[in-house]
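S.K.: need coordinates for the below:
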Amino acid sequence: MRKAVFVCAGLILSLSVASCADHGPVVPEGSSDLILTAPAHALLDGSSGGSAEFYFLPPLVPSPDIVGTFNPNLLPAMEVCELDDSWACTGAPVATFGPGSAQVADAHYVISWDTNGPETAPLDPMKNYRIRVLLAGEVMGYMDVNPQDPSGTTPGEDIPGLYAFRLGETIPVKFWLSTRALCTSEYAYVIECISGAVLDESGGTLVLNQVGDAPLGVYLPPDGLPGDEHPPIMVVLERIDPDLFLQMEGEECIPFLDAPQWGPCFRITTYPELTDPLDYEATVSICVDPTIFEGIQGDQDDLVQIHRFATDGSGVVQGLQNVASTICSTSSYLGASLLDVPASGLGRYAALGVNAVWKWMGPQPLAAAHLGLGGLISSFSRFRWALPAQMVVESGDGSIVTFGESGSVSPTVRVVDVHGQDVAGATVHFSVLSDDGTVTPLEVTTGPDGLASGAWEVGSTLGDKQLAAWAFGLWHDPPPSHETTFAVRPDTVLFTATVIGAPAAVTPVSGDGQVGIVGEALTDPVVVHVVDENGTGVPGAEVVWTPSGSGSVTGSTTTDPGGYAEGTWTLAQEAGGNSLVVEAGGVSTTFTATGTPGAPAEVTPWDGADGQTATVGTALPNPLGVTVFDGYGNPVPGVEVVWSVAPADGTLTGDASTGPDGTAQASWTLGTTTGVQNATFTVAGLSFPFTATATPDEPYALVKHGEVPSGTVGETLDVGVTVVDRYENPVPGVPVEWSVTSGGGSIAGDGAAGPDGTSWATWTLGDVPGTNGALASAAGLEGAFNVEAGCLDGYGTATPDGVMGATEWICAHSMPFVANISGGSTDAEAYWMNDGSNLYFAVRVRQSTYDRSNSLRVDFDNDGDGIHEAGDDAIGFDADGGTFFDQYLTEKCSNSGQSGCGAADGSVDGAGASANDGTWTVYELSHPLAAGDPRDFFLSSGDPFGFFLTLRVGKGAQGNTQVPGFRDFMQTTVAGH
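M.R.: Predicted coordinates:
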């Protein structure tokens with residue numbers, strides 16, 4: 001081991017004839033002259049030129065001056081060997097005291113050597129012996145001794161400087177070992193060291209805790225040592241200044257790691273070397289203050305991990321899983337002399353879990369050596385904080401370099417942690433992978449922005465070039481979790497650059513000869529390959545797309561890395577052939593395509609097809625014709641069409657689809673109903689309505705209206721006929737003649753059928769009850785009307801001639817009464833009626849001849865209020881004088897008891913007559929209902945009025961008869977229709 005070599009070298013310098021007991025004689029055998037020049041026996045400890053970490057103590061030597069700290073946690077061993085004539089150990093040891101034999105007492109170790117005990121071979125008083133103290137197999141110091149015959153009969157050599165003892169004596173061999181025993185303190189970069197023993201049964205913890213520095217430590221759990229036999233081991237911990245280590249050794253504490261490193265370097269060595277992994281995992285702790293993480297950002301102090309480097313030649317670097325550490329947060333260390341860790345400061349930080357630890361896991365598939373504690377021994381495994389990170393391409397990848405232009409590319413990576421935060425202090429290496437080209441610098445350390453860039457001269461040969469950005473401990477994917485252990489390996493991100501020549505040809509790849517719909521994009525994209533003179537795709541070449549007509553292209557303006565360009569070709573709006581010229585770098589190619597009409601968007605009727613007129617049941621003179629266009633005005637051929645008519649609007653016979661010119665037509669036979677008829681053309685959700693006017697056929701029949709079986713005399717009826725064709729459609733405009741055929745009366749009607757084919761007439765029935773007939777004639781067709789006219793009470797027409805015809809007064813109101821005559825009385829009857837124009841009265845008195853005085857007077861109650869008052873009318877006939885009178889009552893008359901009182905009207909309106917046929921004397925009177933004389937009454941149908949009659953037959957009061965009584969009015973109404 002290095003320690004032994006150092007000890008030997010020191011000894012040679014101080015004692016030129018000394019030999020290194022561990023390695024045999026220092027000088028060649030046979031050089032006896034050198035042996036004689038100085039005493040060959042020796043004492044080697046801190047007081048005599050040996051290691052300052054070891055001292056013999058009384059009684060073997062005087063009390064030494066010791067500087068340092070006693071280490072009670074070691075397992076020293078001791079052996080005694082016989083010296084030959086050259087003062088070198090020879091043969092097997094005569095006494096052996098293994099590790100654990102020494103007792104600790106009062107800050108020193110002591111081994112009681114019974115020189116005649118069972119553990120000691122017989123000693124020869126004629127020989128000299130050497131006591132050697134070993135630690136983990138390393139000789140820490142020795143001294144030569146000389147046994148003496150206890151009886152004095154065989155004295156041994158009494159050589160000055162040798163410790164002499166009597167055989168059988170028990171010698172207390174006392175010695176002191178420091179906490180730095182086994183440390184490689186000859187290296188300036190080792191700034192702190194401690195060693196200690198670990199017993200397998202109980203395990204142990206060893207901590208470096210120099211004042212002002214953060215603790216470093218290792219914990220081995222109970223029964224953690226490998227194998228069936230578990231001898232104790234010695235563990236040496238060393239704190240290394242990483243800057244001095246780099247300066248003196250020429251490598252980082254953790255080499256082959258480009259992730260940023262921080263804090264102290266920690267080296268662990270075990271004695272003896274373990275060759276198998278531990279049965280249970282050990283834990284390594286490096287407790288730190290987070291302020292040591294210079295350049296760290298955000299929460300990256302939560303992501304750092306302890307990394308381990310095995311210097312056994314395997315070059316293994318590992319990131320170690322973060323677990324909880326007791327070393328960084330407890331004062332329960334092995335050995336009372338070790339300093340406590342404060343509860344705040346570093347200890348508090350460690351309690352937050354920022355410290356990381358490593359579990360020795362045993363062999364790993366990718367490891368070249370055991371990763372257990374045994375794999376760390378001879379290789380001086382080292383540990384330090386580092387931050388795993390990821391390399392991400394920032395820029396410079398996929399660069400295109402045109403031949404003859406500057407070939408410089410700036411590849412840039414960004415180093416980030418698992419959360420995407422920039423990582424400073426990472427080293428990125430650049431290497432050109434292509435046959436030509438250079439990159440400078442070869443390695444770059446990232447700054448606060450996490451960026452590392454190089455200058456890549458890609459070379460002059462055409463084609464693709466590659467450059468690698470690589471690093472140990474930087475990953476191209478997100479780094480492993482800090483909760484796992486992983487092997488650090490080199491990882492790479494690649495940059496590509498392409499050197500291209502000028503475009504020499506544009507080659508169609510796909511999309512030529514397609515058929516599509518006008519104004520729409522073709523189904524397949526148009527793809528071209530732009531190549532240089534060697535047929536290599538030219539990336540980044542500018543591409544110009546020039547379609548014909550109103551077409552357009554949406555596509556790549558430059559070629560992709562393979563020299564391809566792709567466009568979506570929207571055809572022109574005009575149906576037919578389309579072309580597309582694709583040009584790049586002065587060379588071009590042409591694509592063709594055919595545009596077919598789009599979906600129907602417009603329907604246009606032919607001239608003269610809509611709004612035609614024809615007779616019902618006949619075909620229109622012109623067919624219904626349409627042209628179907630798409631949204632751009634192109635005729636659309638071959639699309640299914642539907643012709644339909646409204647119910648009862650005839651039939652259609654037409655094309656089932658549009659022809660090559662986008663047209664379709666149909667023949668329409670109209671329905672049998674006159675008027676506007678409707679048909680519809682439908683295509684693809686579009687429709688066009690056609691209308692036609694159906695005119696009636698020739699007159700075929702007359703349809704009568706208003707005919708009733710019976711009526712009343714004088715009644716006015718509205719009758720009519722409709723001229724219809726054979727389909728019962730009205731035929732307007734046909735001349736119609738109206739005439740009365742029987743019963744009297746009158747009729748007046750339309751001279752021709754109206755728009756609805758109907759002629760109406762007003763028929764006034766005759767005044768005589770019985771059959772009334774009328775006739776309508778049109779186009780050789782006749783329509784006869786017959787009505788039986790009956791009486792309307794109080795309605796009729798009479799001729800005031802004194803003769804009551806057989807039917808003349810048949811419909812009049814009548815009232816019998818007894819008339820006073822000279823010398824007696826007789827039967828009489830009163831009649832009254834009107835015909836809507838005149839009011840008629842008749843009285844007949846049963847008498848064979850006129851009496852001495854004969855007259856009839858009718859006094860009216862004009863307003864029907866029952867009061868005889870001034871202004872009321874009076875009419876009458878004086879048979880004796882043969883005169884008719886028309887009067888009105890004056891004020892005087894209204895107070896007079898004379899029935900004949902009155903003044904003449906402004907005009908005499910009406911007529912009167914009287915006659916005697918030998919049986920009856922008849923009086924007949926008439927007066928207009930509305931004569932126009934302001935002194936006459938004005939009555940119309942339904943108006944009320946009253947009257948009383950004064951019949952004078954004979955002289956004196958005996959001949960006066962008032963009906964119903966004097967100033968007692970008969971109340972009635974004007975009859976009428």
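S.K.: give me the neighbour count for the residue nearest to Ser556 when sequence neighbours are not counted.
M.R.: Excluding the flanking residues, the one nearest Ser556 by C-beta to C-beta, 6 or more residues apart in numbering is Ala565, at 4.1 Å. Using the backbone N, CA and C atoms, a C-beta is placed for each residue, glycine as well. By other C-beta atoms under 10 Å, 27 other residues sit near Ala565.
S.K.: for Ala565, give me the pLDDT.
M.R.: pLDDT, Ala565: 96.
S.K.: so which helix or strand takes in it?
M.R.: Using DSSP states H and E, Ala565 sits within strand 564-570.
S.K.: beta-bridge partners for the residue nearest to Ser556, please?
M.R.: Beta-bridge pairing of Ala565 under DSSP bridges involves Val528.
S.K.: and the gap between it and Pro490?
M.R.: 38 Å (C-beta to C-beta, to the nearest Å).
S.K.: the stretch 451-600 of the chain: strands as residue ranges?
M.R.: With DSSP state E, counting those that start in this stretch, the ranges of strands along the stretch 451-600 of the chain come out as 451-453, 455-457, 463-472, 474-475, 486-487, 490-500, 505-510, 514-517, 526-531, 544-547, 552-555, 564-570, 576-584, 587-596.
S.K.: for the stretch 851-977 of the chain, give me the ranges with low pLDDT.
M.R.: Flagging of the stretch 851-977 of the chain using pLDDT under 70 yields the residue ranges 894-899, 956-958.
S.K.: show me where it has helices.
M.R.: Here the stretch 851-977 of the chain has its helices, by DSSP state H, counting those that start in this stretch, at 891-894.
S.K.: looking at the strands of the stretch 451-600 of the chain, spot the one closest to Asp106.
M.R.: Closest to Asp106 of those is strand 486-487 (C-beta to C-beta; 49.2 Å).
S.K.: ok so, going back, ranking the strands of the stretch 451-600 of the chain by mean neighbour count, which comes first?
M.R.: Stretch with highest mean neighbour count among the strands of the stretch 451-600 of the chain: strand 474-475 (a mean of 28; mean count of other C-beta atoms under 10 Å).
S.K.: which residues does it contact?
M.R.: Residues from elsewhere that reach strand 474-475 (C-beta atoms under 8 Å, 6 or more residues apart in numbering): 258-259, 388-391, 415, 426, 428, 491.
S.K.: ok, stretch 949-965 next?
M.R.: Applying C-beta under 8 Å, 6+ apart, the set of residues contacting stretch 949-965 is 815, 817-823, 828, 830, 841, 843, 845, 847, 851-859, 876, 899-900, 921, 923, 948, 966, 968, 970.
S.K.: buried only: go through those residues for me.
M.R.: Neighbour-count burial (16 or more other C-beta atoms under 10 Å) is assigned, among the contacts of stretch 949-965, to 817, 819-821, 828, 830, 841, 843, 845, 847, 851, 853-859, 876, 899-900, 921, 923, 948, 970.
S.K.: quick revisit: among the contacts of strand 474-475, which lie within helices?
M.R.: Among the contacts of strand 474-475, no member is found in helices (DSSP state H).
S.K.: show me these that map onto strands.
M.R.: The strands, defined by DSSP state E, take in 389-391, 415, 428, 491 from the contacts of strand 474-475.
S.K.: ok, Val582 touching Val544?
M.R.: Yes. In terms of C-beta atoms under 8 Å, Val582 counts as a neighbour of Val544; the distance is 7.4 Å.
S.K.: domain assignment for this structure?
M.R.: Per automatic domain parsing, the domain ranges recorded for the chain read 2-177, 190-386, 389-500, 511-596, 602-695, 701-790, 813-973.
S.K.: okay, now the unreliable bits of the stretch 51-200 of the chain?
M.R.: 152-161, 185-186, 198-200.
S.K.: and the closest residue to Glu201 other than its chain neighbours, what does it touch?
M.R.: Leaving out its chain neighbours, the residue that sits closest to Glu201 by C-beta to C-beta, 6+ apart is Pro222, at 6.2 Å. By C-beta under 8 Å, 6+ apart, the residues touching Pro222 are 200-203, 280.
S.K.: pretty sure the residue nearest to Ser556 contacts Val543?
M.R.: Yes. If you go by C-beta under 8 Å, Ala565 and Val543 touch, sitting 4.4 Å apart.
S.K.: in stretch 704-721, what counts as buried?
M.R.: 705, 707, 711-715, 717, 719-721.
S.K.: the helices in the chain, which residues?
M.R.: Counting by DSSP H, the chain has helices at residues 2-14, 32-36, 242-249, 346-351, 891-894.
S.K.: what mean pLDDT does the first one get?
M.R.: Going back to what we said before, that points to helix 2-14. 23.
S.K.: OK, contacts around Thr170?
M.R.: 112-115, 117.
S.K.: ok, and what's touching stretch 602-611?
M.R.: Contacts for stretch 602-611 (C-beta under 8 Å, 6+ apart): 622-631, 633, 663, 665, 681, 683, 686-688, 690-693.
S.K.: buried ones in that stretch, by neighbour count?
M.R.: Applying 16+ other C-beta under 10 Å to stretch 602-611 flags 603, 605, 609-610 as buried.
S.K.: just the CA atoms of it, as PDB, please.
M.R.: Provided in PDB are the C-alpha atoms of stretch 602-611 (Å, rounded to 0.1, in the frame of the first residue of the first chain):
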ATOM      1  CA  GLU A 602     -78.000  27.200 -59.600                       C
ATOM      2  CA  VAL A 603     -81.000  26.300 -61.800                       C
ATOM      3  CA  THR A 604     -81.800  28.500 -64.900                       C
ATOM      4  CA  PRO A 605     -85.000  27.900 -66.800                       C
ATOM      5  CA  TRP A 606     -85.200  28.000 -70.600                       C
ATOM      6  CA  ASP A 607     -86.800  31.000 -72.200                       C
ATOM      7  CA  GLY A 608     -90.500  30.400 -72.700                       C
ATOM      8  CA  ALA A 609     -90.600  27.500 -70.400                       C
ATOM      9  CA  ASP A 610     -92.200  29.200 -67.400                       C
ATOM     10  CA  GLY A 611     -95.500  31.000 -67.300                       C
END
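S.K.: now that stretch, how far from the centre of its chain.
M.R.: 47 Å (C-alpha atoms, centre = their mean, to the nearest Å).
S.K.: near Gly942, how many other residues are there?
M.R.: Applying other C-beta under 10 Å, we find 9 other residues in the vicinity of Gly942.
S.K.: verify the stated contact: it with Gly976.
M.R.: Yes. The pair Gly942 and Gly976 qualifies as a contact (C-beta under 8 Å) at a distance of 6.6 Å.
S.K.: how about the contacts made by the closest residue in space to Leu134 that isn't next to it in sequence?
M.R.: Nearest non-adjacent residue to Leu134, counting by C-beta to C-beta, 6+ apart: Ala77, 4.6 Å away. Neighbour list for Ala77: 96-99, 101-102, 133-135 [criterion: C-beta under 8 Å, 6+ apart].
S.K.: ok, now with 10 Å
M.R.: 96-102, 111, 132-137, 140 (C-beta atoms under 10 Å, 6 or more residues apart in numbering).
S.K.: do the same with Tyr923
M.R.: Listed by C-beta under 10 Å, 6+ apart, the contact partners of Tyr923 are 800, 802, 804, 830-831, 841-845, 854-858, 876-877, 879, 912-915, 949, 951.
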